[in-house]
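> no sequence on hand, only this structure:
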């Protein structure tokens, strides 16, 4: 079974509008962390936002927020007021447990912001 | 402060050859992880090193090996290259321990095997 599922291969959004990128995850661990990364065409993975499994509040970082629904095992990324520079690949990733440090990534969503 | 530095940025090798990729972590970071990203897919975990010891290994063949040096820089070695090894190889550094943040990635090395 896929541990991280991103069901939207590509998304379009108009500049200045909000967009939600979906991510569902699968783990039996009680302690885990969820990450979102942005990957522009240059290849570098840019950290956007983190949500811990025990965090009671949804994480926010500037224009990025994470809609964390633990019972549904979803961790959707919301980008508000989209900008042209937001066009990139977006990856959801999970780190399971407290001892294992590897990240498991989803297949990504390509976001294109249109003027 | 310099970010995670990877070299070379691009590389073309022939099947059967050997390749060494290098990574310098952020100053003060003691953990380095390697990921392989095949075109159109998400990155896949290869290795993690912390304080010069291997702390994790992904599902990759023994042709892949790595090490971490006393200055916390790292090398990823791949022997007997196959066409399927063509990918972007990403290095990530972190402070280690149980930090919830701090996986900082480099820009990667694009390896093409012909």
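Yep, it's here. Bear in mind the structure is a predicted one, so any value in this text is a computation, not a measurement. Numbering: from 1, shown residues only, chains lettered A, B, ... in the order given.

> near chain A, which residues of chain B? Just list them.
With CB under 8 Å from any CB of the partner chain as the criterion, chain B meets chain A at residues B:31, B:33, B:35, B:40-45, B:48, B:50, B:55-56, B:58, B:88, B:90, B:92, B:94, B:98, B:100-101, B:103-108, B:110. C-beta here means a position set from N, CA and C on the backbone, and glycine is covered the same way.

> are any of those buried, and if so which?
A residue is treated as buried here by neighbour count (16 or more other CB atoms under 10 Å in any protein chain shown); on that basis the buried members of those are B:31, B:33, B:35, B:42-45, B:48, B:50, B:55, B:58, B:88, B:90, B:92, B:94, B:103-108, B:110.

> can you list the low-confidence ranges for chain B?
Across chain B, the ranges flagged by pLDDT under 70 are B:1, B:96-102.

> now the strands for it?
Remark: strands assigned in chain B by DSSP state E are B:5-7, B:10-13, B:19-24, B:31-37, B:44-50, B:53-57, B:64-68, B:74-78, B:87-94, B:104-105, B:109-113.

> counting contacts, what elements does the last one pack onto?
Taking 3 or more CB pairs under 8 Å, 6 or more residues apart in numbering or on different chains; DSSP states H and E as contact, the helices and strands that strand B:109-113 lies on are strand B:10-13, strand B:19-24, strand B:87-94.

> nearest residue to the residue nearest in space to the middle of chain B in space, please, no chain neighbours.
To find the centre residue of chain B, average its C-alpha atoms and take the closest one (CA atoms, centre = their mean): that gives residue B:34, at 3.1 Å. Here the nearest residue to residue B:34 in space, its sequence neighbours aside, is residue B:46; by CB to CB, 6 or more residues apart in numbering or on different chains that works out to 4.3 Å.
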